[in-house]
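Trainee: Pasted the sequence and its predicted model underneath.
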Amino acid sequence: MRIFICFEGSSTPIDVPPDQTVGAIKQMIKGNFMVQLSNDKPQQYLELSYGGAVLQDSWALFDVGITSGRAIRCLIKTEQKPAMWVFNAVTGETLPVMGNEASLHMSVAHLKTVVSMQTGLPVSTFRLSTPAGVQLYDCNQLKDYAIKEGTTLRLDTWDGWVQYLRGCLRGHKLTVQGHLLENLPVMRFQLQVALYIAAALGHLDLAWWLLERGMHAEKPVGVHPYRQWCHQTSHRDTWKCPIHTAAEKGQLLILKLFISKNPLALACRDPAGRNPLKVAVQHGHSDCVHYLANKLCSQVSLPNIVLPMRIYIQIKRWVCLGHKRAASNRCQYTCAAFNARMGDTFLVDGFNQPNMSSNSIKVATKPSRRIKITHNQDVRSREDHLLDKISPHCSRMAKEKAIYCLTIASTFTEKPWLEQLSIARTLIRRHDHNMA
């Protein structure tokens, strides 16, 4: 069959068999296009992409839906090695932190911001430590801990939170409900953390349930109640709200949900003073920018009056501020500076153990927290739905292999969902054929 190779502004046809591997095509391109790759550090290599996904050398063209007449994009890439690695104790994955030698001089606070963006976890839910177990504090630099290039740091969360955060990352509402703690302030903090993660990863069902529980997208995650004594020196991203991370990640459906629940979220400011529109602009999410801009320029219909959205937001902010001041005046003689009680745990950096070692603890839960599931409610994730569809082809493979094939197929972002599913099925059939 004949395919087209798009390289350096030109499209050249080449004839290949349907079962040709990507690695063999790269060798053909090197010969036909006289491509000279540098072997010096950093090394250069060829990258072929189709449908928005990078093609692996071991793949055959037909396996990923490449037929006659299709065009494959070819680029010369420069190999980039991570400056360091971070082992995530929540997911069990090791994440690369890209950069050069200058990255080893960044602050710990900046590194935690980078890790938070990669994992979707708020900075107040984890700590970083060296391979020797020394905790990294936000106020220090990485060079203060003699961290070298290629070092693997460790990410740990609060004890007893591993299963809870895994449920949040997967969007499993029942898992989140089943691992809420009994302590009321900690439970509120957990729910706000779950809303932040749902906003970052686009878990619409979980986000809707949390809003119904009284969580607010325009309120920051904050710090753990155990750390309220040193909250003034906490990481600046603890003041980031779920609405900001949704705009940062380009989660349009989540933004629509948050703003329909409370239009005040349009004017919410992050630690850098940016509203969600500015965050979306800086991260290049055009669909989110159009939606947020249209909402800010829209009108709100009230009984006997129509107000521009900006004026309506300003009035709502005045009302909320008045309510807060009135509540503060009523309680000024009865409220303490901290919402702490006798016997509560409190942590101070450098003086006691942080209780953040990702250890398991036995958590007692109340059955009343679990919601009743009716036959009309679909509580399965999209991943489980896909697994049901491919089950006729995966009788001899583990569920993890099916998930792996689905993950690969989902990287073809320019392909419709059904074509991604077809690619996943083809990869599974090929795997079964090789195992037979």
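Mentor: Perfect, thanks for sending it.
Trainee: Show me the shaky parts of the stretch 251-400 of the chain.
Mentor: 328-354, 362-400 (pLDDT under 70).
Trainee: So which residues of it form helices?
Mentor: Secondary structure of the stretch 251-400 of the chain by DSSP state H, counting those that start in this stretch: the helices cover 252-261, 276-282, 286-296, 309-331, 382-390, 399-410.
Trainee: by contact count, what packs against the third one?
Mentor: What it means is helix 286-296. helix 252-261, helix 276-282, helix 309-331 (3 or more C-beta pairs under 8 Å, 6 or more residues apart in numbering; DSSP states H and E). All C-beta spots, glycine's among them, are computed from the backbone N, C-alpha and C.
Trainee: Of the helices of the stretch 251-400 of the chain, flag the one that's most buried.
Mentor: Mean neighbour count (mean count of other C-beta atoms under 10 Å) peaks for helix 276-282 among the helices of the stretch 251-400 of the chain, with a mean of 21.
Trainee: where does it sit relative to the chain's centre, distance-wise?
Mentor: Centre-to-centre, helix 276-282 and its host chain are 17 Å apart (C-alpha atoms, centre = their mean, to the nearest Å).
Trainee: Show me the shaky parts of the stretch 101-250 of the chain.
Mentor: 229-232.
Trainee: if you set the cut-off to 90 instead, what comes out?
Mentor: 101-105, 137-139, 143, 146-150, 181-185, 222-235 (pLDDT under 90).
Trainee: where do the strands sit along the chain?
Mentor: Remark: strands assigned in the chain by DSSP state E are 2-7, 10-15, 44-50, 53-54, 71-78, 82-88, 94-98, 126-129, 152-157, 299-302, 305-308.
Trainee: residues in contact with the third one?
Mentor: What that stands for is strand 44-50. Applying C-beta atoms under 8 Å, 6 or more residues apart in numbering, the contact partners of strand 44-50 are 22, 25-26, 29-30, 35, 37-38, 54-55, 64, 66, 70-79, 412.
Trainee: cutoff 10 Å now
Mentor: For strand 44-50, contacts defined as C-beta atoms under 10 Å, 6 or more residues apart in numbering pick out 3, 5-7, 22-23, 25-27, 29-30, 33, 35-38, 54-57, 59, 61, 64-66, 70-79, 411-412, 414-415.
Trainee: thinking again about what came up before, ok, which of the helices of the stretch 251-400 of the chain comes nearest Q192?
Mentor: Comparison of the helices of the stretch 251-400 of the chain against Q192 by C-beta to C-beta identifies helix 252-261 as nearest, at 13.3 Å.
Trainee: how far does the closest one sit from the chain's center?
Mentor: Between the centre of helix 252-261 and the centre of its host chain there is 17 Å, according to C-alpha atoms, centre = their mean.
Trainee: Need the CA coordinates for that helix. PDB is fine.
Mentor: Presented in PDB, the C-alpha positions along helix 252-261 are these (Å, rounded to 0.1, in the frame of the first residue of the first chain):
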ATOM      1  CA  LEU A 252     -14.500  22.800  29.900                       C
ATOM      2  CA  LEU A 253     -17.300  20.700  31.200                       C
ATOM      3  CA  ILE A 254     -16.000  21.100  34.800                       C
ATOM      4  CA  LEU A 255     -15.900  24.900  34.300                       C
ATOM      5  CA  LYS A 256     -19.500  24.900  33.000                       C
ATOM      6  CA  LEU A 257     -20.600  22.900  36.100                       C
ATOM      7  CA  PHE A 258     -18.800  25.200  38.500                       C
ATOM      8  CA  ILE A 259     -20.100  28.500  37.000                       C
ATOM      9  CA  SER A 260     -23.600  27.200  36.700                       C
ATOM     10  CA  LYS A 261     -23.500  26.400  40.400                       C
END
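Trainee: which secondary structure elements does that helix contact?
Mentor: In this structure, helix 252-261 packs against helix 184-201, helix 204-212, helix 242-249, helix 276-282, helix 286-296, with contacts taken as 3 or more C-beta pairs under 10 Å, 6 or more residues apart in numbering; DSSP states H and E.
Trainee: how about 8 Å then?
Mentor: helix 184-201, helix 204-212, helix 242-249, helix 286-296.
Trainee: when you compare where the second one runs with where helix 184-201 runs, what's the angle?
Mentor: Looking back up the chat, that one is helix 204-212. For helix 204-212 against helix 184-201, the angle by axes from the mean of the first three to the mean of the last three C-alpha atoms, to 10 degrees is 140 degrees.
Trainee: what about the nearest residue to L255 once chain neighbours are set aside, how many neighbours?
Mentor: In space, and not counting its chain neighbours, L255 is closest to A246: 5.2 Å by C-beta to C-beta, 6 or more residues apart in numbering. A246 has 33 neighbours, counted by other C-beta atoms under 10 Å.
Trainee: From the centroid of the chain, which residue is nearest?
Mentor: G120 (3.5 Å; C-alpha atoms, centre = their mean).
Trainee: and of the helices and strands packed on helix 286-296, who's closest to G214?
Mentor: helix 252-261 (11.1 Å).
Trainee: what angle do the closest one and helix 184-201 make?
Mentor: 130 degrees.
Trainee: tell me the contacts of the residue nearest to L277 when sequence neighbours are not counted?
Mentor: Nearest non-adjacent residue to L277, counting by C-beta to C-beta, 6+ apart: L292, 4.3 Å away. Applying C-beta under 8 Å, 6+ apart to L292 gives the contacts 247, 255, 266, 276-277, 280.
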